[in-house]
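Participant: Got a predicted structure plus its sequence, pasted below:
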Amino acid sequence: MENLFYLAHKCLTETELDKKIFLSVEIVKKVSVRAVNFDTYDVYVKNIEPGRPDKPILITPKDVPKRNMTTPEGRAAMVHSFAHIEFNAINLVLDLISRFRNMPEEFYLDWLQVFEEETKHFKLLRENLIDSGYDYGSFSAHDGLWAIAEQTKHDLLLRLAVVPRIMEARGLDVTPDLIDRFRQIKDDRMVSILELILEEEIGHVNFGTKWYRYLCQKMHQNPEDRFKEIINEFLPSAKTKRINQSARLKAGFIQSEIDYLATI
């Protein structure tokens with residue numbers, strides 16, 4: 001029986017794209033037949049860098065060019081940006097599992113479900129790119145999401161508050177407009193992919209909420225008050241133009257949290 005933390009660490013550090021995706025699928029298969037154990041695996045991960053292919057070339061967020069969806073290349077660049085988010089999401093879950101090893105087994109099973117779905121999302125988006133004559137790495141990308149992971153690598157409560165409940169929750173707010181944009185240009189394939197991603201991301205954010213509140217209770221902290229502190233400390237510009245209240249409520253947010261986000 002193989003060790004989950006070893007498998008997650010191995011996949012996290014893999015740089016060859018196809019092999020990384022293969023290892024991702026293999027982890028899910030092994031967990032599904034209970035062919036893994038959850039014994040602590042002694043590997044140092046404090047400053048580990050996630051494995052990435054040579055491309056995409058990473059640039060600063062401000063240098064990422066605007067995508068013009070009226071051209072095939074512009075639409076492909078937009079799809080590529082989604083694929084890059086999902087690739088980062090795969091590494092984020094692997095890092096979460098590898099780094100924080102003192103949680104209940106249920107915690108890891110929940111995040112392995114997220115891991116399986118993020119891998120599925122990436123594969124769907126990559127297949128779309130390939131069918132359009134491109135691939136993951138054909139366009140430059142930025143690394144803002146992983147920068148947030150680096151800032152929270154020392155504190156699981158912080159990681160759960162910032163990554164799923166703030167950064168990924170923003171996706172719940174903006175994805176409906178993106179779906180409408182692809183619907184307007186009659187790209188039914190991307191509409192279907194984004195609708196699937198939106199539905200499953202609600203579950204991912206909900207897992208973040210579940211385990212964030214678990215830790216708050218364990219640490220005798222008020223989850224609502226602490227969440228406000230974290231927003232103010234880490235993301236003073238967390239406001240979005242539109243908040244998807246129904247999706248956020250499904251994802252475990254309470255109304256007062258949503259109302260607070262609207263005031264920032």
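Facilitator: Thanks, I have the structure now. Residues are numbered from 1 along each chain as shown.

Participant: Which parts of the protein are helices?
Facilitator: 4-13, 17-32, 72-99, 105-131, 144-151, 156-162, 169-184, 188-218, 223-234, 245-250, 255-263 (DSSP state H).

Participant: give me the low-pLDDT residue ranges for the stretch 151-264 of the chain?
Facilitator: By pLDDT under 70, the low-scoring segments of the stretch 151-264 of the chain are 235-241.

Participant: Mind doing that once more with 90?
Facilitator: Residue ranges of the stretch 151-264 of the chain with pLDDT under 90: 151, 153, 231-242, 260-264.

Participant: on that earlier part again, now the helices of the chain as TSV including distance to residue 53 and mean neighbour count?
Facilitator: For the C-beta atoms, the positions are set from N, CA and C on the backbone; glycine is no exception. Listed next are the helices of the chain as TSV, based on distance: least, CB to CB, whole Å; neighbours: other CB atoms under 10 Å:
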stretch	distance to residue 53	mean neighbour count
helix 4-13	13	22
helix 17-32	4	16
helix 72-99	9	22
helix 105-131	12	19
helix 144-151	14	15
helix 156-162	25	22
helix 169-184	23	17
helix 188-218	22	18
helix 223-234	29	16
helix 245-250	32	16
helix 255-263	35	14
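
Participant: give the contact list for residue 255.
Facilitator: Residues near residue 255 by CB atoms under 8 Å, 6 or more residues apart in numbering: residue 249.

Participant: again, only this time at 7 Å
Facilitator: By CB atoms under 7 Å, 6 or more residues apart in numbering, no residues touch residue 255.

Participant: Now the residue positioned nearest the centre of the chain: closest residue in space, sequence neighbours ignored.
Facilitator: Central residue of the chain (CA atoms, centre = their mean): residue 89, 3.2 Å from the mean position. Leaving out its chain neighbours, the residue that sits closest to residue 89 by CB to CB, 6 or more residues apart in numbering is residue 118, at 4.2 Å.

Participant: Quick check, the one you found in contact with residue 87.
Facilitator: No. Contact between residue 118 and residue 87 fails when scored by CB atoms under 7 Å: they sit 8.6 Å apart.

Participant: Dump the helices of the chain into JSON lines; add distance to residue 50 as well.
Facilitator: Formatted as JSON lines, the helices of the chain follow (distance: least, CB to CB, whole Å):
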{"stretch": "helix 4-13", "distance to residue 50": "6"}
{"stretch": "helix 17-32", "distance to residue 50": "10"}
{"stretch": "helix 72-99", "distance to residue 50": "4"}
{"stretch": "helix 105-131", "distance to residue 50": "13"}
{"stretch": "helix 144-151", "distance to residue 50": "7"}
{"stretch": "helix 156-162", "distance to residue 50": "14"}
{"stretch": "helix 169-184", "distance to residue 50": "20"}
{"stretch": "helix 188-218", "distance to residue 50": "18"}
{"stretch": "helix 223-234", "distance to residue 50": "20"}
{"stretch": "helix 245-250", "distance to residue 50": "28"}
{"stretch": "helix 255-263", "distance to residue 50": "29"}
